[in-house]
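>>> Need a 3D model of the sequence below.
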Amino acid sequence: MDVVAWRAANVLAGNPHNAACVEIALGGAEFEAKQACTVAIAGALSASRDNAPLPPWSSFFLRAGQRLRISEGDGARAYLAITGGIGLLPPLGVRWLRDGDCLSALRSADWARQAGRLLCNPFTYHRRLRFLPGPHADRFDLAAFCAQPWRVSPTSNRMGLRLQGQPLHARASAEVRTLPVLPGTIQVPPDGLPIVLMMDAQPTGGYPVLGNVLQADLPHAAQLRPGVEVRFEQVNMAQAVTALATHPPQLCVMELDGDWLAERMQA
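Numbers count the residues shown, from 1 in each chain. Sure thing, here's the model as predicted:
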């Protein structure tokens, strides 16, 4: 869902940027280290090790038996990376993790040296999503769409963010021919309450398409918790191209000094 946080967690852990991570939504997750390892957390949730708070966007050492807890934060999601990568077993498939699941770490030779790293430029999330008008934009009052704050519905999920607010009224029939959709597509169903499609979006849809959220703003959309307000801003193609040129952002990692690392590894 949040490409920036996913990549950052892997960079902090010393992994390839596209290695598998655990995506954690809204907190409430707890992990116990069966063996000593280095892990990294990135995103907008809070983390603690044996109840001691951990700095955000960082990597740290876990001794066998220590517990990592992920709890509520400013956003909706965080990503857990293990140095060396996570060995995905075929029975795991794509289901949610359950109590008692064990994740195997593909440990690398320098796993201990990846602990004690911080992101120099942690990503700052905002609640204003930029969009380009879509093929059915002329059916709706875009000024009204941008003027009001929309609230994220509790029924939102990885397929889409459902929005609550003053319904939009279409100037023409709400029926359209089925057309391709993608993450970021803003659909308007007959009830007038928009849906922003997300990473698990279907390939086609039959609702009018008001617009498309910029790819650069999808990580911000991924961090919108149910109940928070979000606003939309219409932009032109030149602005969209400029935004895409800096997405994903360059990630700068700071190595903390050896004394700090030795202290943390003994903690």
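>>> just for the stretch 151-267 of the chain, where's the confidence low?
For the stretch 151-267 of the chain, the stretches flagged by pLDDT under 70 are 174, 256-267.
>>> Please list all residues in contact with the residue found closest to C120 once you drop the neighbours it is linked to in the chain.
Nearest non-adjacent residue to C120, counting by Cβ to Cβ, 6 or more residues apart in numbering: C252, 3.8 Å away. The way it works is simple: take the backbone N, C-alpha and C, and place the C-beta from them, glycine included. C252 sits next to L119, C120, N121 when contact means Cβ atoms under 8 Å, 6 or more residues apart in numbering.
>>> next one: Y79
D2, A5, W6, A8, A9, C21, V22, E23, I24, I41, A42, G43.
>>> possible to save those as CSV with pLDDT?
Listed next are the contacts of Y79 as CSV, based on pLDDT from 0 to 100:
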residue, pLDDT
D2, 96
A5, 95
W6, 95
A8, 94
A9, 95
C21, 92
V22, 94
E23, 95
I24, 96
I41, 95
A42, 96
G43, 96
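>>> and these, which of them are in strands?
In this view, the contacts of Y79 that belong to strands under DSSP state E are V22, E23, I24, I41, A42, G43.
>>> if I look at the last one, how far off is T124?
In this case it means G43. 12 Å (Cβ to Cβ, to the nearest Å).
>>> Compare those two (neighbour count), which wins?
G43 (33 against 7; other Cβ atoms under 10 Å).
>>> ok, now which ones touch that one?
G43 neighbours (Cβ under 8 Å, 6+ apart): D2, A5, A9, I24, G73, G75, R77, A78, Y79, Q223.
>>> And G192, by the same measure?
Going by Cβ under 8 Å, 6+ apart, G192 touches P167, L168, H169, A170.
>>> any chance you could read off phi and psi for the first one?
Summarising the backbone geometry of P167 under the convention degrees, to the nearest 10, its torsions are phi -60, psi 150.
>>> Am I right that it is in contact with L193?
Yes - the pair P167 / L193 is scored as a contact, 5.7 Å apart, by Cβ atoms under 8 Å.
>>> neighbour count winner among these two?
Just comparing P167 and L193: by other Cβ under 10 Å the higher neighbour count belongs to L193, 16 against 13.
>>> give the contact list for that one.
Residues near L193 by Cβ under 8 Å, 6+ apart: R162, L163, Q164, G165, P167, L168.
>>> next one: S48
By Cβ under 8 Å, 6+ apart, the neighbours of S48 are L54, L68, R69, S71.
>>> just the buried members of those?
L54, L68, R69, S71 (16 or more other Cβ atoms under 10 Å).
>>> F60 is in contact with the first one, correct?
Yes - checked against Cβ under 8 Å, the pair L54 and F60 is within contact range at 5.9 Å.
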